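Undergrad: coords below, sequence missing:
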């Protein structure tokens with residue numbers, strides 16, 4: 001497992017000693033956007049220019065509604081880098097030094113419990129800000145951020161980010177919305193643990209929560225799952241074996257099926273009833289889906 005400081009150090013050494021490394025990276029095309037690696041000898045590191053300051057906003061709230069000038073100024077302050085999977089970006093008890101913006105990839109956000117078990121809080125996606133609470137408050141990080149796959153980030157020094165907020169006061173509203181989103185997600189996770197006693201109920205609650213980002217099809221709601229059974233277990237405080245057993249039980253009853261990364265739930269109401277869950281988030285669904293279950 002590699003830390004982000006090591007990644008940046010190694011990247012800088014490679015590019016300073018071998019210009020062909022930059023040429024090898026060259027131009028990247030991701031989701032129709034173009035990455036340009038900065039070949040300036042002054043910035044001899046794995047830094048890039050985010051062309052057009054077209055910041056992603058698929059997951060977070062920070063860039064939504066931000067002015068073009070503010071986006072450009074934000075981009076001018078940032079440095080950019082890639083990292084491989086399993087890179088530890090932020091560790092628990094780490095002093096706040098940089099704000100990280102996830103541009104491409106997935107990052108696990110987790111924390112250790114008092115008995116040494118790891119609890120998975122969620123998965124960050126494109127547009128999410130990592131370390132925002134610590135950067136704004138100045139307190140040490142209470143969570144750990146680890147890249148699940150190769151990821152691309154923009155990084156701002158803490159003081160540069162705070163100065164940016166002072167120059168563009170309207171962006172404080174974006175920070176408030178982002179922190180509010182983090183709080184809502186934490187409350188949803190606490191509600192799941194506080195109001196559901198069994199592993200079966202907690203697993204069903206987690207799957208139903210994923211349905212918010214799913215799409216309605218003729219066979220029910222389909223959503224993507226990027227977690228392994230072990231990581232799902234870390235989300236709900238149980239073992240991988242328990243997750244596998246309950247998923248098989250849901251499948252045998254025609255309530256939910258996970259094939260690779262695709263989750264299909266024919267009826268959210270039927271799954272909630274089976275798992276003894278009283279409320280179903282966003283439970284509107286065609287009557288036919290309910291009847292088929």
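TA: Received, thanks. In this text, all values refer to a predicted model and were calculated from it rather than measured experimentally. Numbering: from 1, shown residues only.
Undergrad: the stretch 151-293 of the chain: helices as residue ranges?
TA: 158-167, 171-195, 199-210, 229-236, 240-252, 268-274, 287-292 (DSSP state H, counting those that start in this stretch).
Undergrad: neighbours of residue 173, how many?
TA: 12 (other CB atoms under 10 Å). For every residue, glycine as well, the C-beta is placed using N, CA and C.
Undergrad: can you give me the distance of it to residue 67?
TA: As judged by CB to CB, to the nearest Å, residue 173 and residue 67 stand 12 Å apart.
Undergrad: now do residue 129
TA: Taken as CB to CB, the span from residue 129 to residue 67 is 18 Å.
Undergrad: neighbour count winner among those two?
TA: Taking neighbours as other CB under 10 Å, residue 129 and residue 67 compare with residue 129 leading, 25 against 11.
Undergrad: I'd say that one and residue 56 touch.
TA: No. Using CB atoms under 8 Å, residue 129 makes no contact with residue 56, being 11.2 Å away.
Undergrad: circling back to that earlier point, quick one: closest of the helices of the stretch 151-293 of the chain to residue 85.
TA: Closest approach to residue 85 among the helices of the stretch 151-293 of the chain (CB to CB): helix 229-236, 13.2 Å.
Undergrad: and the residue nearest the centre of this structure?
TA: Nearest to the mean C-alpha position of the chain, by CA atoms, centre = their mean, lies residue 124 at 0.5 Å.
Undergrad: ramachandran angles for the nearest residue to that one once chain neighbours are set aside?
TA: Of all residues not flanking residue 124 in the chain, residue 107 sits nearest, at 4.3 Å (CB to CB, 6 or more residues apart in numbering). Main-chain dihedrals, residue 107, degrees, to the nearest 10: phi -130, psi 130.
Undergrad: what do you get for residue 131?
TA: phi 80, psi 10.
Undergrad: distance of it relative to residue 273?
TA: From residue 131 over to residue 273 (counting by CB to CB), the distance is 40 Å.
Undergrad: which one's more surrounded, those two?
TA: The neighbour comparison of residue 131 against residue 273 (other CB under 10 Å) goes to residue 131, with 22 against 15.
Undergrad: OK, contacts around the more buried one?
TA: Residues near residue 131 by CB atoms under 8 Å, 6 or more residues apart in numbering: 90, 96, 98, 99, 100, 141, 145.
Undergrad: check what pLDDT the closest residue to the second one other than its chain neighbours gets.
TA: The spatial neighbour of residue 96 that comes closest, neighbours along the chain excluded (CB to CB, 6+ apart), is residue 134 at 3.8 Å. At residue 134 the predicted local distance difference test score is 96.
Undergrad: and residue 134, what does it touch?
TA: Neighbours of residue 134 in contact, by CB under 8 Å, 6+ apart: 94, 96, 140, 141, 142.
Undergrad: hang on, residue 119 packs against residue 109?
TA: No. Between residue 119 and residue 109 there is no contact under CB under 8 Å: 10.0 Å.
Undergrad: those two: which has the busier surroundings?
TA: Shown here are residue 119 and residue 109; by other CB under 10 Å, residue 109 has more neighbours (19 against 15).
Undergrad: so what does that one look like in phi/psi?
TA: phi -110, psi 120.
Undergrad: isn't residue 214 right up against residue 208?
TA: No. With contact defined as CB under 8 Å, residue 214 does not reach residue 208; the gap is 9.9 Å.
Undergrad: now for those two: what residues contact both?
TA: By CB under 8 Å, 6+ apart, the residues touching both residue 214 and residue 208 are residue 265.
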